[in-house]
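1. Provide a 3D model corresponding to the input given below.
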Amino acid sequence: MALINSRAAEWLSKGPPAYATRPIYQRIELLLWAARGQRGVVPHVVKQRVVKEYAARYGLDTLIETGTYLGDMIWGVRRAFRAIHSVELDPSLYERAVRRFRGQGHVHLYLGDSAVLIGEIVAGLTAPALFWLDGHFSGGITAKGQLETPIKTELSRVFADQRSHVVLIDDASNFTGQGDYPSIDDLGSLLRALRPSLSMTIADNIIRVHERLV
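-> From the prediction side, this is the model:
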């Protein structure tokens, strides 16, 4: 049974005063998750911590995100990166992000299909980067392109570049082999084909991909 009324959750997370109330909602999510023994939906605050942890661990100061949505990942990690690039397919969500991050000169927003744009962003990099791949259809106000998820193409574009990029993929539980999602085993096979030196692990519903440590 939900511990927070769905209408209240909707208002807190997406309502008119969303930017002020979302941190409150996210704090409630974190407390409830902890009370459940860290079971169930992983709070966004935890995902932000993982992104910052991997940036620090691998010395990465550039973040590339697919699926801007409401901009919470950008907001939560904005001080951890020298440059942030985020791609959003839905025009209204893109415009909302443009308003939210006006004045944040290191945040670069793109409107379009991440399967196409991610290659252009990678081509402009001068050093390894951290990727947060979350550009998939999740119902509600999220956008859907030709596929439910462009993850195969995104990974192909990232690892066509020879630098040691680190990739975090949200919502590991979606990778069941249903619809356009590869299974976890198929995803592992794809990664090995792209670069045999890659390691893939899963924790907190996040797929973590990086060069295998020797």
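2. Thr176 and Ile184, how far apart?
-> 8 Å (C-beta to C-beta, to the nearest Å). All C-beta atoms are positioned from the backbone trio N, CA, C, and that covers glycine.
3. what about the two, which has more around it?
-> Ile184 (16 against 11; other C-beta atoms under 10 Å).
4. what's around the closest residue to Tyr69 other than its chain neighbours, how many residues?
-> Nearest-residue entry for Tyr69: Leu93, 6.1 Å, with adjacent residues in sequence omitted and distances by C-beta to C-beta, 6 or more residues apart in numbering. Neighbour count of Leu93, defined by other C-beta under 10 Å: 19.
5. separation between Leu93 and Leu130?
-> When C-beta to C-beta is the yardstick, Leu93 and Leu130 sit 22 Å from each other.
6. do Ala203 as well
-> 16 Å.
7. Same question for Gln48.
-> 12 Å.
8. How is this protein divided into domains?
-> According to automatic domain parsing, the chain comprises the domains 1-41, 42-211.
9. possible to save those domains as TSV with mean pLDDT?
-> Output for the domains of the chain, formatted as TSV (pLDDT from 0 to 100):
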stretch	mean pLDDT
domain 1-41	64
domain 42-211	92
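10. Check these for me and report the most buried one.
-> Of all the domains of the chain, domain 42-211 carries the top mean neighbour count, a mean of 18, counting by mean count of other C-beta atoms under 10 Å.
11. Any idea how far apart the tips of it sit?
-> 25 Å (C-alpha to C-alpha, to the nearest Å).
12. what does stretch 104-119 give?
-> One end of stretch 104-119 to the other measures 23 Å (C-alpha to C-alpha).
13. What lies in contact with that stretch?
-> With C-beta atoms under 8 Å, 6 or more residues apart in numbering as the test, stretch 104-119 has contacts from 64, 66-68, 74, 78, 81-89, 91, 94, 97-98, 101, 121, 133, 135, 145, 147, 150, 153-154, 157-158, 160.
14. Tell me which other helices or strands the longest helix belonging to the chain touches.
-> In the chain, taking DSSP state H as the definition, the longest helix is helix 18-35. Using 3 or more C-beta pairs under 8 Å, 6 or more residues apart in numbering; DSSP states H and E, the elements in contact with helix 18-35 are helix 6-14, helix 44-58.
15. and the helix or strand following the longest one, what other elements does it pack with?
-> When you say that, I think you mean helix 44-58. Counting by DSSP states H and E, the next helix or strand C-terminal to helix 44-58 is strand 62-66. Applying 3+ C-beta pairs under 8 Å, 6+ apart, one finds that strand 62-66 contacts helix 72-77, strand 83-88, helix 114-123, strand 130-133.
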